[in-house]
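*Asks:* Build me a model:
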Amino acid sequence: MRLTVLLSVFIALSAPMAAQSAPCGNTGAGFEAWKADFAKQARKAGVKKKGLQALAQTQYATRTIAADRGQKSFKYSLDKFMKVRGADTIVAQGRKRKARNPGFYAALERQYGVPAGVLIAIHGMETGFGNFMGDSQVVSAITTLAYDCRRSDFFVPHAIGALKLVDQGAITVATKGAKHGELGHTQFLPGNALTYGVDATGDGRVDFYNMTDALASTANFLRQKGWKPGRGYQPGEPNFAVIQQWNAASVYQKSIAIMAARIDN
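*Replies:* Numbering: from 1, shown residues only. Predicted coordinates:
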C-alpha cells in the first residue's frame, strides 16, 4: 500500500516535468508540436499577440538546416577566405563609400567611438553594402534553429527576440534575411537586434533595412561590448576582442580587422 502511494506521488510529480517542454528535433516532424509548446515559453518571456501570431505562421526551414549543416567557408585559410569573400572589392568600394559620405561615418565615430573602416568592412562582408540581405524568412529561420537540437540553447533567445521585434513592428513574419535568421544591412541576429537596435533616423522605429539605423546599431553593439575609442583593433590590440563578439569565426574576425585598416588608411 505504501509503495503504491509512493509510486502515485512520483508519477504525479514527474508528469508535469515531462510535459514541461516539447523535445527538440533533427527533422521537421516534431516542429508543430514544439511550436505549440514554445508559444507558452514565449508568452512567459513577454511576447505579445503579434509575435505569437507570427510564431504560429512559421514553417520548418529546410534551407536553413541545410545551410547550418554545410558551412564550409569558416574552415578556409585566411587568404582563401578573404578571396572567396571578395575582400579587395570590399576595400575598394568601402573607400569610395567613406569618401562619398565622410560626415556620416565621422558622426558615428564621434558618438560610438568606432572607426568608419570597421563599420564599412562589416557592412561589405555581411551584405555587399546592402546589395543582398537574404532571401529566407527571418522568423521561420530562427525558430527552426531554436527547435533544431544542434544549438537550440543558443538560438532560443534569438527566436524570442525575433517575436518581440514583430511585436514592436520592426519586422513581420514575412521579413527576409539570411538563412540563419540574421537581418538587415549588417545581419543582426534577432536577439542582438532587439538589445542594441538604434533609431538613428528618429522616425520612431528601428529599421535594420535602413542603412543609417543599421550602421548606428552596429556601432552601438560594438561600443556596448566594450569598444575603446581611439584604441587599436588588430589581433592583440584592445578592440580586437570586441570584433570577436560580432562573429565567432577567427578568419572572419581577422578579415574585418585587415579590411578595416585598409579602408581607413
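*Asks:* Correct me if wrong: residue 255 contacts residue 90.
*Replies:* No: using CB atoms under 8 Å, residue 255 is not in contact with residue 90, being 9.0 Å away. C-beta coordinates here come from the backbone N, C-alpha and C atoms, glycine included.
*Asks:* The two: which is more packed in?
*Replies:* Ranked by neighbour count (other CB atoms under 10 Å), residue 255 and residue 90 place residue 90 first, with 25 against 22.
*Asks:* Mutual contacts of residue 255 and residue 90, please.
*Replies:* Counting by CB atoms under 8 Å, 6 or more residues apart in numbering, the residues touching both residue 255 and residue 90 are 121, 125.
*Asks:* show me what contacts residue 190?
*Replies:* Applying CB under 8 Å, 6+ apart, the residues near residue 190 are 138, 142, 158, 159, 161, 162, 165, 171, 181, 183.
*Asks:* Is it possible to get CSV of those residues that adds pLDDT?
*Replies:* Below are those laid out as CSV (pLDDT from 0 to 100):
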residue, pLDDT
138, 97
142, 98
158, 97
159, 98
161, 98
162, 98
165, 97
171, 96
181, 96
183, 96
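*Asks:* Closest one of those residues to residue 22?
*Replies:* Minimum distance to residue 22 across the contacts of residue 190 is 13.7 Å, recorded for residue 159 (CB to CB).
*Asks:* The closest residue to the closest one other than its chain neighbours: helix or strand, and which one exactly?
*Replies:* Excluding its sequence neighbours, the residue lying closest to residue 159 (CB to CB, 6 or more residues apart in numbering) is residue 146, at 3.8 Å. Using DSSP states H and E, residue 146 maps to helix 138-147.
*Asks:* Counting by contacts, list what that helix packs against.
*Replies:* Counting contacts by 3 or more CB pairs under 8 Å, 6 or more residues apart in numbering; DSSP states H and E, helix 138-147 packs against helix 31-44, helix 49-57, helix 62-69, helix 152-168, strand 176-177.
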